[in-house]
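Engineer: the amino acid sequence is not available; the structure is as follows:
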């Protein structure tokens, strides 16, 4: 501190950072109608006060040394507020939340003399510090004056720890919500002020209902277009009557009725009625975000598309500090957000500081949860209770939108009466005996697969590829779809299928479950390997979707390999058992019976599963524990990039260069991450996840012995990233069926020469 000033960050005065962070947090709270009290304001103001310690100032000046400023800052907050919620928000604002038991133990064992008085006495008092104490109406000249006497400190701890030793249930739930809100406000304001400064400048939610009709008028006319328009008008009209206040609502419509348009219009009108802070559209899969964000942009001026590969900055090379901040932290500044359930889940439950930054955005928002049954069944109860609390405490409106409404929360239905298509589109037939792929193919041939438009959905990529081979051998030219087909090629395949549909040419598509949601295609015959009943009904939504046939057929059977059922490789046994039980009782039924059967399925599943500890963690004070939405990323999977045009090599070189620059302490970390995300987004369109063992098999098999090639046709060019190039495209990766494991290549008679 050679100039006598005290800094929070390089070139940023500490007093300015503290005052501006407090002001930013108050502005965010006002924007989202969140009430924060005197203690919360004081804790935000003092969150970095211990940076006035000489050790921290030396670290800023030299770049060396360590000094943990959050703990002593939190001690001063505790001394002034006697509030552990405010204290923990400050102590953990650079890391993650802890369980109540952990943080009460921490403060109970905190050494007042050494960690308190001795450390805090060394905090520098400088002339401009008076601006900080003036903001809390205190007349002091030393920071240690904010710390109570040792006896008072012990009394504070005794009172607080005794209280938290007795609290549980509703009380701790309220504290959990209060802590996450304060944590969210503090972390966002602190990060933004340090990186950007100024105001966040949230855009106003602009709502123009005429844009909905303008958009629908541009849609292609189909046999059921007028009926879908009428359904939308009826549901929207009914929602005006029943959607009277924020709360939990359900919107249950059959697949193919245009739920996206209905849900967005209902959300727009609710947002207008409740003067909502924004609209958040939550989707089950990344693959649907870009598609639905495109629809949302027809209705709203500012939309943020948010998933792990999204990139929302400006069109040019240069980006502003604000844009880099929003991209780095994936903060939801725009009034309309289209995101994934995985990101929404993190915002609700993750204890990590950066993951909570958008939690306050839920306050007074309208949130569409599309296909919520994709949430693991064991989490339904806890998730539903969380939604009910947020609706009650934060004025949030939730719309759970699906064809197969699970029993997640008790909500008011927005559809006036069960909606049925003008006629029965399809019937279901359950084939009770297990089949191999070969016998299933023979059965399907008997059912007319060679002459009917058909969709065959299987549970694993291996079984799907084997079925594709069987259809090929029977004279069909089937399409193929799975996660082993790159997004670029999936788009091409989907367009070819739609073109053939328009031209009324026969189509056969063999697919994994990637086809279940959000895909607007129509088939006369659908086959589904056994899966959870809601997944079966989702697939059935592609059977006679537009009512162009008299009656479509949905066939369900359980396929097996030499060891066991393919379904058991993918799904929970409880879900499969409940599905089998219901199908055995209802071997033949039509579309009209689906609502009653799916309701029975959900009731049975709820009674058979063991609920997760999602809600118990909240009311039991286990706030540092995190139950992820899905199993974590498989470390045994690599990212296989298909280098169609030879440009991927330079992208990977750039990634390596960016990684090297991250070691530079002067580097702009947010800009580096922005550029990394930009490259990964580009690569993602031509990349697929593949188990490393399959990639290594090809690598060792091909080696570098291909005459005429200077490098392997498949190689591990960057940590976690493999590249297939040149002659490998068409052998290791085929544009018609995607990645081909060596085992399947042999079965498809595609095995390369030794």
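Structural biologist: All right, it came through fine. Source: prediction; values computed, not measured.
Engineer: which stretches in the stretch 451-600 of the chain count as strands?
Structural biologist: Under the criterion DSSP state E, counting those that start in this stretch, the stretch 451-600 of the chain contains strands at 454-457, 479-481, 508-511, 525-529, 552-557, 588-590.
Engineer: gap between the first one and the chain center?
Structural biologist: On the basis of CA atoms, centre = their mean, to the nearest Å, strand 454-457 sits 28 Å off its chain's mean C-alpha point.
Engineer: can you check the fourth one too?
Structural biologist: For strand 525-529, the distance between its averaged C-alpha position and the chain's averaged C-alpha position is 29 Å (CA atoms, centre = their mean).
Engineer: what does that strand contact?
Structural biologist: 426, 440, 444, 447-449, 452-459, 463, 535-536, 539-540, 542-543, 552-559, 566-567 (CB atoms under 8 Å, 6 or more residues apart in numbering). In this view, the C-beta of every residue, glycine as well, is placed from N, C-alpha and C.
Engineer: which of the residues in the helix or strand of the chain with the lowest mean pLDDT are buried?
Structural biologist: Here the helix or strand of the chain ranked lowest by mean pLDDT, DSSP states H and E is helix 286-296, holding a mean of 79. Neighbour-count burial for helix 286-296 flags 286-289, 292-293, 296 (criterion: 16 or more other CB atoms under 10 Å).
Engineer: for residue 269, helix, strand, or coil?
Structural biologist: Assigned by DSSP: H, G, I helix; E, B strand; the rest coil, the conformation of residue 269 is helix.
Engineer: tell me how far it lies from residue 69.
Structural biologist: As for residue 269, its distance to residue 69 is 48 Å (criterion: CB to CB, to the nearest Å).
Engineer: cool, residue 187 as well?
Structural biologist: Per CB to CB, residue 187 is found 15 Å from residue 69.
Engineer: and these two? Which one has more around it.
Structural biologist: More neighbours surround residue 187 than the other of residue 187 and residue 69, with 26 against 21 (other CB atoms under 10 Å).
Engineer: what about the nearest residue to the more buried one once chain neighbours are set aside, how many residues nearby?
Structural biologist: Among residues not flanking residue 187 along the chain, residue 353 sits closest, at 4.9 Å (CB to CB, 6 or more residues apart in numbering). Using other CB under 10 Å, residue 353 has 21 other residues around it.
Engineer: do the same with residue 572
Structural biologist: The burial count for residue 572: 15, using other CB under 10 Å.
Engineer: okay, buried residues for the lengthiest helix in the chain please.
Structural biologist: When the chain is parsed with DSSP state H, its longest helix is helix 170-195. Neighbour counts over helix 170-195 (16+ other CB under 10 Å) mark 172-173, 175-195 as buried.
Engineer: shouldn't residue 717 be within a strand?
Structural biologist: Yes: under three-state DSSP, residue 717 falls within a strand.
Engineer: for the residue nearest to residue 187, give me its contacts.
Structural biologist: Residue 353 neighbours (CB under 8 Å, 6+ apart): 92-97, 183, 187.
Engineer: backbone dihedrals for it, please?
Structural biologist: phi -60, psi -50 (degrees, to the nearest 10).
Engineer: for residue 16, same thing?
Structural biologist: Phi and psi for residue 16, reported as degrees, to the nearest 10, are phi -70, psi -40.
Engineer: and it, what pLDDT?
Structural biologist: Residue 16 is assigned a pLDDT of 96 by the prediction.
Engineer: ok, now residue 697?
Structural biologist: Listed pLDDT for residue 697 reads 92.
Engineer: just checking, it touches residue 739?
Structural biologist: No: the pair formed by residue 697 and residue 739 falls short of the contact definition of CB atoms under 8 Å, at 11.6 Å.
Engineer: what about the two, which has more around it?
Structural biologist: Neighbours were counted for residue 697 and for residue 739 using other CB under 10 Å; residue 739 has more, 25 against 17.
Engineer: what's the longest helix of the chain packed up against?
Structural biologist: Helices and strands touching helix 170-195, by 3 or more CB pairs under 8 Å, 6 or more residues apart in numbering; DSSP states H and E, are helix 14-31, helix 38-45, helix 84-91, helix 321-329, helix 380-394, helix 614-619.
Engineer: going by mean pLDDT, which of those comes out lowest?
Structural biologist: Lowest mean pLDDT of the helices and strands packed on helix 170-195: helix 321-329, a mean of 82.
Engineer: run the angle between the helix or strand just after that one and helix 286-296 for me.
Structural biologist: Next along the chain after helix 321-329, taking DSSP states H and E as the criterion, comes strand 336-340. Here strand 336-340 runs at an angle of 160 degrees relative to helix 286-296 (axes from the mean of the first three to the mean of the last three CA atoms, to 10 degrees).
Engineer: what pairs with strand 336-340, parallel or antiparallel?
Structural biologist: Strand 336-340 has the following strand partners under DSSP bridges: strand 278-283 (parallel), strand 303-306 (parallel).
Engineer: winner for burial among the ones you listed?
Structural biologist: Neighbour counts (mean count of other CB atoms under 10 Å) averaged over each of the strands paired with strand 336-340 peak at strand 278-283, with a mean of 27.
Engineer: low-confidence stretches in the chain?
Structural biologist: For the chain, the stretches flagged by pLDDT under 70 are 1-2, 165-168, 287, 308-318, 516-518, 631-635, 662-666, 703-711, 749-754.
Engineer: that one - how does it break down into domains?
Structural biologist: Per automatic domain parsing, the structural domains of the chain span 7-195, 210-413, 426-592, 637-747.
Engineer: endpoints of the longest one, how far apart?
Structural biologist: For domain 210-413, the first-to-last residue distance is 25 Å (CA to CA, to the nearest Å).
Engineer: isn't residue 655 up against residue 677?
Structural biologist: No: counting by CB under 8 Å, residue 655 does not reach residue 677; the two are 10.9 Å apart.
Engineer: please, where are all the helices along the stretch 451-600 of the chain?
Structural biologist: 461-473, 487-502, 533-540, 573-585, 594-608 (DSSP state H, counting those that start in this stretch).
Engineer: deepest of those helices, which one?
Structural biologist: Buried most deeply of the helices of the stretch 451-600 of the chain, by mean count of other CB under 10 Å, is helix 533-540, with a mean of 26.
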